[in-house]
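Peer 1: sequence first, then the predicted structure, then my questions.
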Amino acid sequence: MFKHLTGLLIFFGLVMQLNAQEIYLTHEGRVTFTSAAPLELISAQSDELSGAIDLNNNHFAFKISNRSLIGFNSDLQQEHFYENYMEVDKYPYSTFQGKIIEKMNKDANSTFQVRAKGTLSIHGVEEERIIDVVIEFVDHTIKISSDFSVALEDHNIRIPSIVYQKIAENIAVEVRATLTPKNTTD
């Protein structure tokens, strides 16, 4: 419980440090993962991605509850994901925080392909990553999309030999979110 609270405080502390005038937030972004193994295709998603981007300095922070991922092929598979692979009681969140490398013109109705450099934390293991992201400024919102892969081995997620042909070593991840300006009164 204490680790859970500490993680939340750190995340929201990062968000609150950002200058409110150029902060864009989301609480309903979508994350989808797909494991395409030789014997089984597994997919799950969550619509509970939270995050912020500060356009003053291009910093960002995103977080998702691992328990919010649903879908799977069966209830048992979902239970194994929570308990055996992600160990959600021990590692309740996955996060990505860092800085967008390229500069962007914030004019409405413009699209940029950028690289987000930061720390991806999954299953308690932090890994420095550079992830390609499409950022689209549409009216008063920012739409982001990104497709990348995560190697289970990089985050100490072990696949038992009995299900090795049913779980991919590299998981495809899709992120889609619309961020809106943070009110200065928030």
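Peer 2: Noted; the coordinates are in hand. Numbering: from 1, shown residues only.
Peer 1: now the helix or strand hosting Glu136: mean pLDDT?
Peer 2: Using DSSP states H and E, Glu136 falls within strand 125-138. In this model, strand 125-138 has a mean pLDDT of 96.
Peer 1: just the buried positions in that strand, please.
Peer 2: 129, 131, 133, 135, 137 (16 or more other C-beta atoms under 10 Å). No exception for glycine: its C-beta is placed from N, CA and C like everyone else's.
Peer 1: how about the last one, what does it touch?
Peer 2: Meaning Phe137. 104, 106-111 (C-beta atoms under 8 Å, 6 or more residues apart in numbering).
Peer 1: point out the ones among those residues that are inside helices.
Peer 2: Of the contacts of Phe137, none are assigned to helices by DSSP state H.
Peer 1: now, of these, which are buried?
Peer 2: Using 16+ other C-beta under 10 Å, no member of the contacts of Phe137 is buried.
Peer 1: circling back: give me the sheet partners of the following helix or strand past the strand holding Glu136 and which way each runs.
Peer 2: Using DSSP H and E, the helix or strand that follows strand 125-138 in sequence is strand 141-151. Sheet pairing of strand 141-151 (DSSP bridges) gives strand 125-138 (antiparallel), strand 170-181 (antiparallel).
Peer 1: count of neighbours near Phe96?
Peer 2: Counted with other C-beta atoms under 10 Å, residues neighbouring Phe96 total 23.
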